[in-house]
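Asker: The following block contains a protein sequence and its predicted model.
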Amino acid sequence: MRTLAPSRPPPLTCPLPPDFATPAGTAAPEPPVTQIAKAVDKQQRRVRHGMVKERARILVVGGGYVGMYTALRLQQKLKHELKRGAVDITVVTPDPYMTYQPFLPEAAAGSISPRHVVVPLRRVLDRCHIVVGEVTSIDHTKRSATLTTLATEEEGSGWDHISYDELVLAPGSISRTLPIPGLAEYGIGFKTVEEAIGLRNHVIEQMDIASSTRDPAIRDAALTFVFVGGGYAGVEALGELEDMARYATRYYHNVQPEDMRWVLVEASDRILPEVGAEMGRYTVTELRRRNIQVLLGTRLESCAGRVAVLSDGQRLPTRTLVWTAGVKPHPLLASTDLPLTERGRLACTAQLTVDGAEHAWAAGDAAAVPDVTAAELGSLTAPNAQHAVRQAQVLGDNIVHSLRGEPLETYAHSYVGSVASLGLHKGVAQVYGRRLKGYPAWFMHRVYHLSRVPTFNRKARVLAEWTLSGLFKREIVSLGSLEHPRAEFELAAGGKPHHNPSDDSKGSS
Ligand SMILES: Cc1cc2nc3c(=O)[nH]c(=O)nc-3n(C[C@H](O)[C@H](O)[C@H](O)COP(=O)(O)OP(=O)(O)OC[C@H]3O[C@@H](n4cnc5c(N)ncnc54)[C@H](O)[C@@H]3O)c2cc1C
């Protein structure tokens with residue numbers, strides 16, 4: 001561990017803002033009672049006359065929907081305080097960009113390039129400190145978080161500490177997996193832009209393998225694509241990739257659309273619950289019409305040895321197993337002293353404070369927020385982007401209210417419905433009770449997400465890409481080699497190309 005003293009030479013990567021840094025390894029000691037009294041007094045002075053009087057250090061954990069939109073809101077509302085140094089905002093996040101996840105299926109299909117699915121945080125949050133790293137634990141009683149960064153890894157120092165006055169905890173969720181044999185080795189997730197692009201490359205690569213092998217068993221396995229989980233991530237990813245692969249077959253002399261086998265495995269008796277029961281049934285019919293096998297009430301029992309074994313007894317040799325069977329709260333939450341619900345989300349109030357913990361705030365997938373608009377008592381808001389974006393705005397406003405000693409707002413938003421794309425010109429939607437299918441739903445999906453994707457810059461780029469792809473043929477190239485950029489030079493230099501274990505899991509050759 002190391003000390004972040006102001007006098008030490010600047011580290012190679014972004015240093016923590018000095019006011020946030022506590023000496024490493026010295027988790028701030030419990031302050032004596034007199035200091036606590038002074039702190040309370042300081043806090044009161046801070047909010048007197050509706051102005052943030054003294055320095056408030058706001059730590060935002062996570063740079064996704066909630067993290068980015070909250071920091072953006074704070075940046076706008078506390079413009080003057082930031083200018084005169086009364087407020088510091090630090091965002092700690094593993095990637096220097098926010099991922100607009102609803103665009104991942106289109107990125108996988110090649111309709112949007114990966115760079116336009118992400119929003120660069122340093123540019124959008126130009127008045128915040130962006131620290132690329134991962135918070136590993138939080139001691140909120142001591143207002144201290146532990147984190148690792150690229151620098152701590154490079155220096156071998158392990159971790160840093162960061163102190164704060166206000167905490168926004170928004171690390172989102174991770175894939176909910178089950179102890180299924182072979183899943184960790186062969187499963188592919190679909191939550192990040194890297195996974196989406198990796199999957200696109202992988203699917204095209206499988207078509208190349210099928211096209212060139214003489215072994216029918218290898219060909220069949222290469223052309224079998226199994227998706228587990230019928231929520232919008234799984235259905236949209238499958239719908240877009242099948243559509244792309246079907247299109248790509250016209251450039252393969254020996255792969256026809258009917259040679260491919262696309263399978264959707266769903267444990268419950270319906271898919272796409274987000275668009276309602278009727279539109280869910282329509283989606284099943286539509287996918288089956290496209291020769292996609294939709295297996296309801298079916299579970300994956302094993303995928304060891306690259307054979308998907310299903311609960312209905314089917315055994316499907318496959319080199320592609322995509323796991324999109326829901327999400328669970330981020331494990332970081334369990335490494336804090338903040339209250340959690342039975343399901344592991346942060347117990348929150350409708351004002352987006354963490355219940356019973358002062359100066360701790362949360363929203364999005366990580367937070368169990370009471371849905372005050374629901375008829376049923378005890379309902380929580382669903383983990384989706386629709387709530388995450390709106391909660392972030394209320395959260396940002398409430399931090400400002402709190403700093404200024406003003407009353408807090410209550411988060412109230414009733415779910416308006418969902419839109420989902422099932423491939424180019426195909427979609428399904430239920431918005432304000434209105435049901436749409438086919439082209440109108442797909443068009444609505446595009447209009448809605450174009451209006452939602454952050455920044456004018458991204459909107460313009462995405463629109464330009466959609467327009468161009470309407471004028472020209474679709475891209476069907478696999479750039480899987482980008483994942484191993486040094487391989488060719490290593491070979492030329494007489495070295496052994498670096499073996500990437502993920503190749504095995506993806507089944508690429
Ligand atoms: C493929 C896909 C499609 C989707 N489509 C839709 C849709 O159409 N409509 C809809 O409403 N919702 C959709 N969603 C869900 C929606 O994207 C999420 O509900 C939303 O992203 C939640 O926002 P969040 O800020 O809580 O989490 P995220 O946006 O996931 O952000 C979490 C952030 O925390 C960071 N982080 C993680 N660990 C740490 C750590 N230890 N320290 C610091 N930072 C950390 C992550 O890197 C990330 O930046 C989709 C999700 C997926 C995966």
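Answerer: Right, received. Where do you want to start? Residues are numbered from 1 along each chain as shown.

Asker: quick one, strands of the stretch 301-450 of the chain?
Answerer: In the stretch 301-450 of the chain, the strands defined using DSSP state E, counting those that start in this stretch lie at 307-310, 315-317, 320-323, 327-329, 346-347, 360-362, 367-368, 417-423, 426-431, 434-437.

Asker: closest one to Phe443 among the ones you listed?
Answerer: strand 426-431 (7.6 Å; CB to CB). C-betas here are computed from N, CA, C, even on glycine.

Asker: angle of the closest one against strand 417-423?
Answerer: Orientation note: strand 426-431 sits at an angle of 180 degrees relative to strand 417-423 (axes from the mean of the first three to the mean of the last three CA atoms, to 10 degrees).

Asker: So what touches strand 426-431?
Answerer: The contact list for strand 426-431 (CB atoms under 8 Å, 6 or more residues apart in numbering) reads 239, 243, 272, 275-276, 279, 282-283, 286, 416-422, 435-445, 448.

Asker: what do you get for stretch 71-85?
Answerer: Contacts of stretch 71-85 (CB under 8 Å, 6+ apart): 52, 55-56, 58, 60, 63, 87-89, 91, 124-128, 168, 392-393, 395-397, 399-400, 403.

Asker: ok, 6 Å please
Answerer: Val52, Val60, Val87, Ile89, Val91, Leu125, Arg127, Cys128, Gln393, Gly396, Val400 (CB atoms under 6 Å, 6 or more residues apart in numbering).

Asker: do stretch 156-173 as well
Answerer: In contact with stretch 156-173 (CB under 6 Å, 6+ apart) are residues 1-2, 16, 20, 22, 24, 56-62, 64, 66-67, 70, 143-148, 152, 327, 329-330, 332, 359-362, 364-366, 399.

Asker: Do that stretch and the ligand come into contact?
Answerer: Yes: judged by CB under 6 Å from any ligand atom, stretch 156-173 comes into contact with the ligand at Ala170, Pro171, Gly172.

Asker: Buried only: go through the residues you listed for me.
Answerer: Neighbour-count burial (16 or more other CB atoms under 10 Å) applied to the residues of stretch 156-173 next to the ligand gives Ala170, Pro171, Gly172.

Asker: Would you show me how to pick out the buried ones of the contacts of strand 426-431 in PyMOL?
Answerer: In PyMOL, this line selects whichever of the contacts of strand 426-431 come out buried by 16+ other CB under 10 Å:
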select buried, resi 239+243+272+275+276+279+282+283+286+417+418+419+420+421+422+436+437+441+442+444+445
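
Asker: Quick check: residues of the stretch 301-450 of the chain near the ligand?
Answerer: Proximity of the stretch 301-450 of the chain to the ligand, by CB under 6 Å from any ligand atom, involves residues His330, Leu332, Gly364, Asp365, Ala366, Pro383, Asn384, Ala385, Gln386, Ala388.

Asker: Would you format these as JSON lines with distance to Val119, pLDDT and neighbour count included?
Answerer: Conversion of those to JSON lines gives the following (distance: CB to CB, whole Å; pLDDT from 0 to 100; neighbours: other CB atoms under 10 Å):
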{"residue": "His330", "distance to Val119": "20", "pLDDT": "95", "neighbour count": "22"}
{"residue": "Leu332", "distance to Val119": "22", "pLDDT": "97", "neighbour count": "20"}
{"residue": "Gly364", "distance to Val119": "16", "pLDDT": "96", "neighbour count": "31"}
{"residue": "Asp365", "distance to Val119": "18", "pLDDT": "95", "neighbour count": "24"}
{"residue": "Ala366", "distance to Val119": "20", "pLDDT": "96", "neighbour count": "26"}
{"residue": "Pro383", "distance to Val119": "20", "pLDDT": "89", "neighbour count": "20"}
{"residue": "Asn384", "distance to Val119": "18", "pLDDT": "89", "neighbour count": "18"}
{"residue": "Ala385", "distance to Val119": "13", "pLDDT": "90", "neighbour count": "18"}
{"residue": "Gln386", "distance to Val119": "18", "pLDDT": "89", "neighbour count": "18"}
{"residue": "Ala388", "distance to Val119": "14", "pLDDT": "95", "neighbour count": "27"}
